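Undergrad: Need coordinates for the following:
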Amino acid sequence: MDRQVINLEEILPFSYTRDVELVPMYCFEVKKEVAKDALNIMKDYINNQLYDKYNHLKRCRKCTDSVQILIGACNHIPFELSQKLIEKMKQENNNDEFNDIIITKIMVSKYAPITRKQYIEWSTYWPLYFRKPDKDILILTKEEINKYIKLLYISIDIGKQFGTCNSGCIITYNDEIIASSGDNIKNHPLHHAPMLAIEQVSYKLRHIWLNKQTEKNNLQKKMKIIHKQQINNRDSLNDHKHENNKSNHNILIDHIPNDQYLCTNFFAFLSHEPCYMCAMALLHSRIKCVIFDKENKNNGALSSQEKLHCIKNLNHHFKVFKTIRG
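TA: Numbering: from 1, shown residues only. I've put the predicted structure just below:
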């Protein structure tokens, strides 16, 4: 017997969950008193090495009585710059015998931290900058979790009752179910539950649009009649204007907006992780969020084999959650 669904976990890009990956770099150490001057001398040389790929690395690290300044991937300092550094250190130390800079190998994070947890852990190797990512982690409330779990169980039941392979899908708008389907894979290879549910949505929206067009045409006919009456009887002009505005106002209030495009702002609840075909269909339909139960180890496109919703080059992205059972 399956364990109960107790929570939902967001499927995030790999960059949000990966461990630290370290790369070797080099730094040199100076006294605090000359750190600012040394950094100014080395600034352009350091930035040329780090600007593109390693802009998340801070340029220096404070120690007890000194400061370590990051050089980059090179284990040496150009002669001209090293001479300037040595001269500056001699001035500070009042020591004409100072003639060498000690360069030390260090390990730093290859990637910028995405989460606070990564930032804290990875900064122990070398200080990092933390910049808030474009994609925020969505924190669901207890009420939302319970509501979504109930809707997910409905999709699971639909799959068991009507799916030839026990797969089910429901699509909701403002927490109201507007489409539901089990799969029909044993009779048609393309009839996966999400595909059939999306087809239901498009059918309903198409008929809503046709009804709107019919009402619009009827309104236009009525306007023509009113216009003719206005020509014949100018005294009734104000009354007709009032009636016309009232009719138009009711049409706007009573119906879904004309610009609704397929599954924009809709949620999809699936008994199983969608395959690539279904995931792309949900993406092209502009779904807002997908919540699924069982992973599709061989063909899953949102967690198991790929995280399609996280691919930057795609022109639409949506949130994805999977169940946690306990």
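Undergrad: which stretches of the stretch 151-300 of the chain form strands?
TA: 168-173, 176-182, 267-272, 289-294 (DSSP state E, counting those that start in this stretch).
Undergrad: Please apply the same query to the stretch 1-150 of the chain.
TA: Using DSSP E, counting those that start in this stretch, strands in the stretch 1-150 of the chain cover 5-10, 22-31, 60-62, 66-72, 103-109.
Undergrad: who wins for proximity to P127 among these?
TA: strand 60-62 (5.3 Å; Cβ to Cβ). C-betas here are computed from N, CA, C, even on glycine.
Undergrad: who's in contact with the closest one?
TA: Residues outside strand 60-62 that contact it (Cβ atoms under 8 Å, 6 or more residues apart in numbering) are 27, 32, 35, 39, 67-70, 126-127.
Undergrad: what lines up beside that strand in the sheet?
TA: strand 66-72 (antiparallel) (DSSP bridges).
Undergrad: Report the rounded mean pLDDT for the strand it pairs with.
TA: For strand 66-72, the mean per-residue pLDDT is 92.
Undergrad: same deal with stretch 75-91?
TA: For stretch 75-91, the per-residue pLDDT averages 84.
Undergrad: Repeat that for stretch 127-138.
TA: On average, stretch 127-138 scores 84.
Undergrad: Repeat that for stretch 205-216.
TA: pLDDT averaged over stretch 205-216 gives 75.
Undergrad: Check which helix or strand T323 maps to.
TA: Secondary structure assigned from DSSP states H and E places T323 in strand 319-325.
Undergrad: which among the contacts of strand 60-62 gets closest to T172?
TA: P127 (46.1 Å).
Undergrad: follow-up on the earlier one: between the contacts of strand 60-62, which is closest to D52?
TA: L70 (15.2 Å).
Undergrad: wait, doesn't that closest one sit right on M25?
TA: Yes - the criterion here is Cβ atoms under 8 Å, and L70 meets it with M25 at 6.5 Å.
Undergrad: Near K110, how many other residues are there?
TA: 14 (other Cβ atoms under 10 Å).
Undergrad: how near is it to V23?
TA: Distance from K110 to V23, counting by Cβ to Cβ, to the nearest Å: 5 Å.
Undergrad: What residues does D175 make contact with?
TA: For D175, the contacting residues are 147, 151, by Cβ under 8 Å, 6+ apart.
Undergrad: so what's I6 up against?
TA: Counting by Cβ under 8 Å, 6+ apart, I6 has contacts 324-326.
Undergrad: could you dump the contacts of strand 60-62 to a markdown table with distance to D136 and neighbour count?
TA: As requested, these are exported to a markdown table (distance: Cβ to Cβ, whole Å; neighbours: other Cβ atoms under 10 Å):
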| residue | distance to D136 | neighbour count |
| --- | --- | --- |
| C27 | 34 | 20 |
| K32 | 38 | 12 |
| A35 | 36 | 17 |
| L39 | 34 | 16 |
| V67 | 35 | 21 |
| Q68 | 34 | 19 |
| I69 | 34 | 20 |
| L70 | 30 | 23 |
| W126 | 26 | 20 |
| P127 | 24 | 17 |
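Undergrad: show me where pLDDT drops low in the stretch 101-250 of the chain?
TA: By pLDDT under 70, the low-scoring segments of the stretch 101-250 of the chain are 215-250.
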